[in-house]
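Undergrad: Requesting a structural model of the entry that follows:
(4 chains)
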Protein chains: 2
Amino acid sequence: MATDSPAARRMREAAIAEFAERGYGASSTRDIAARIGLSAAAMYPHYRSKEELLYAISVDGHRGALEALRSADSATDPPLHRLKAVVAAFAHWQAQHTALARVVQYEIRSLTTAHYRHVRQLRQDTTAVLRKILVAGQASGDFDVEPVEGILLAISSLCVDVCRWFPSKTFRQPGQVGALYADLAAKIVGRGAGDTTTPGD
Amino acid sequence: MATDSPAARRMREAAIAEFAERGYGASSTRDIAARIGLSAAAMYPHYRSKEELLYAISVDGHRGALEALRSADSATDPPLHRLKAVVAAFAHWQAQHTALARVVQYEIRSLTTAHYRHVRQLRQDTTAVLRKILVAGQASGDFDVEPVEGILLAISSLCVDVCRWFPSKTFRQPGQVGALYADLAAKIVGRGAGDTTTPGD
DNA sequence: CATCAAACTAAGCGATCGCTCAGTCGCTGA
DNA sequence: TCAGCGACTGAGCGATCGCTTAGTTTGATG
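TA: As a prediction, the model looks like this:
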């Protein structure tokens, strides 16, 4: 399907807003189409079904987040610098793309099993970026991250959950969240008093 | 309405399972009733509407979590001990009541504005339990939690998000999560090497 | 200008939604 | 014993759901 045409893109944007606001199950294809002034049937030249629209959004979102993490990382930097950069980028992305992130995080249960499997792979790729850094830091002695999988889970969880509450009364700018979370991650891995510079913010 | 009768309770349990699995908007009153072998109309002697059923569940859940935090706290203990106890209880509750917690955290958008306001108060009460401890620890010099609202948000967020991923491959028991998160909270407030005992696990 | 493909609409399909209503059933207190 | 009441059912209301179909419009291509 031609999911890269301007109309298809606008449909996705409308659907992101609708899905984030009401949830996939409570959103109607009529309301989504109406947001951009089209009739209910206008979706079907671009997406085979409502679920395929969700799938396209979900893949887009997961790829975007993964790309944000990867481009924030630089394997030659010291572990703490890498960790802070990647955590800041992750939290920043979730805050920057709140609506999309909510769809990405909360609506995956509505995907077909085949589509879910693809998306799950992208999620694992994302986690892997952080895991590599933690393992490297543990090996070099820069981090104290035992148990690694637990710390990894917690740091990921922290970043992912940003999309649930952002923006708050005290946090309105994605950069604020990125900076705070980079510092928190540093504290968690046992180097709170170390490098206090946060790349990317 | 007689929302404390055995039938009403069973309806809530069925609805929790359904709402957690599919989301409020995608759940039907027929499917909920069918879970306990009743007809679609059997809900209405107990709840005026589907939304009131969600509201009853939401209030129940928020009260339960709040009570778990409060009964884990003891104002005479040292701040670090209090923090670890309350964080452990919070994370433990989210893990123990995954389905209920998901409804509580993700479906509040489907409440009427009046019902939402009530529930929001309960949420603020819950946050207040943690805030008191952080402020006390900051005042006594036990904690380094600047900015307080940021640290508070992060610790709360960490606990709340447990319901999204629990159980995972490496974390199957609520006590595990409680213990890990108590240690993380201690590291975050700047006393990772201090008291290593975690009450309540 | 004629042709064709793709985007889009109006209408409507069958299914399902939340909810109502008339009536049945079984329990309870006088 | 029996009137009354609340829980519950089966049928069904009007509305809305995802999606299909037939037909119109538009813009690019020969």
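
Undergrad: So the residue nearest in space to the middle of chain A versus chain B, what's the distance?
TA: Nearest to the mean C-alpha position of chain A, by C-alpha atoms, centre = their mean, lies A:Ala65 at 4.4 Å. Distance of A:Ala65 to chain B, given as C-beta to the nearest C-beta, to the nearest Å: 16 Å. In this view, the C-beta of every residue, glycine as well, is placed from N, C-alpha and C.

Undergrad: so what's that residue up against?
TA: Listed by C-beta atoms under 8 Å, 6 or more residues apart in numbering or on different chains, the contact set of A:Ala65 reads A:90, A:93-94, A:101, A:104, A:126.

Undergrad: which residue ranges form the helices in chain A?
TA: With DSSP state H as the criterion, chain A has helices at A:6-22, A:29-35, A:50-72, A:79-96, A:98-106, A:113-140, A:148-160, A:162-165, A:174-188.

Undergrad: Could I get the contacts of A:Ala65 in a markdown table, plus columns for neighbour count, pLDDT and distance to DNA strand C?
TA: As requested, the contacts of A:Ala65 are arranged in a markdown table below (neighbours: other C-beta atoms under 10 Å in any protein chain shown; pLDDT from 0 to 100; distance: C-beta to the nearest atom of the strand, whole Å):
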| residue | neighbour count | pLDDT | distance to DNA strand C |
| --- | --- | --- | --- |
| A:Phe90 | 29 | 98 | 35 |
| A:Trp93 | 24 | 98 | 29 |
| A:Gln94 | 28 | 98 | 31 |
| A:Ala101 | 25 | 98 | 27 |
| A:Val104 | 27 | 98 | 25 |
| A:Thr126 | 22 | 98 | 31 |
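
Undergrad: Please tell me I have it right and A:Ala185 contacts A:Ile155.
TA: Yes - between A:Ala185 and A:Ile155 there is a contact under C-beta atoms under 8 Å: 5.5 Å.

Undergrad: what does chain A put close to DNA strand D?
TA: Taking C-beta under 7 Å from any atom of the strand as the contact definition, chain A meets DNA strand D at A:27-31, A:40-41, A:44, A:49-51.

Undergrad: at 10 Å instead, please
TA: Proximity of chain A to DNA strand D (C-beta under 10 Å from any atom of the strand) is limited to residues A:18, A:22, A:24-34, A:39-45, A:47-54.

Undergrad: near chain B too, which of those?
TA: Restricting the residues of chain A next to DNA strand D to those within reach of chain B (C-beta under 8 Å from any C-beta of the partner chain) leaves A:22, A:24-27.

Undergrad: before we move on, back to that, most tightly packed of the helices of chain A?
TA: Mean neighbour count (mean count of other C-beta atoms under 10 Å in any protein chain shown) peaks for helix A:79-96 among the helices of chain A, with a mean of 26.

Undergrad: So which elements touch that one?
TA: helix A:50-72, helix A:113-140, helix A:148-160, helix A:162-165, helix A:174-188 (3 or more C-beta pairs under 8 Å, 6 or more residues apart in numbering or on different chains; DSSP states H and E).

Undergrad: With distance to B:Gln173 added, can I get those in CSV?
TA: Formatted as CSV, those follow (distance: least, C-beta to C-beta, whole Å):
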stretch, distance to B:Gln173
helix A:50-72, 29
helix A:113-140, 21
helix A:148-160, 12
helix A:162-165, 25
helix A:174-188, 22
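
Undergrad: Looking at these, which is nearest to B:Gly178?
TA: Nearest of those to B:Gly178, taken as C-beta to C-beta: helix A:148-160 at 11.9 Å.

Undergrad: quick check: mean pLDDT across the closest one?
TA: Across helix A:148-160, pLDDT averages out at 98.

Undergrad: Export that helix to CSV, keeping only CA atoms.
TA: What follows is helix A:148-160, C-alpha atoms only, in CSV (Å, rounded to 0.1, in the frame of the first residue of the first chain):
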residue,chain,number,x,y,z
VAL,A,148,22.0,-6.0,35.0
GLU,A,149,18.6,-7.1,33.7
GLY,A,150,16.9,-5.5,36.7
ILE,A,151,18.7,-2.2,36.3
LEU,A,152,18.1,-2.3,32.5
LEU,A,153,14.4,-2.9,33.0
ALA,A,154,14.1,0.0,35.5
ILE,A,155,15.9,2.5,33.4
SER,A,156,13.9,1.5,30.3
SER,A,157,10.7,1.6,32.3
LEU,A,158,11.5,5.1,33.6
CYS,A,159,12.0,6.4,30.1
VAL,A,160,8.9,4.7,28.6
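
Undergrad: name the helices or strands packed onto that helix?
TA: Using 3+ C-beta pairs under 8 Å, 6+ apart, helix A:148-160 sits against helix A:79-96, helix A:113-140, helix A:174-188, helix B:148-160, helix B:162-165, helix B:174-188.
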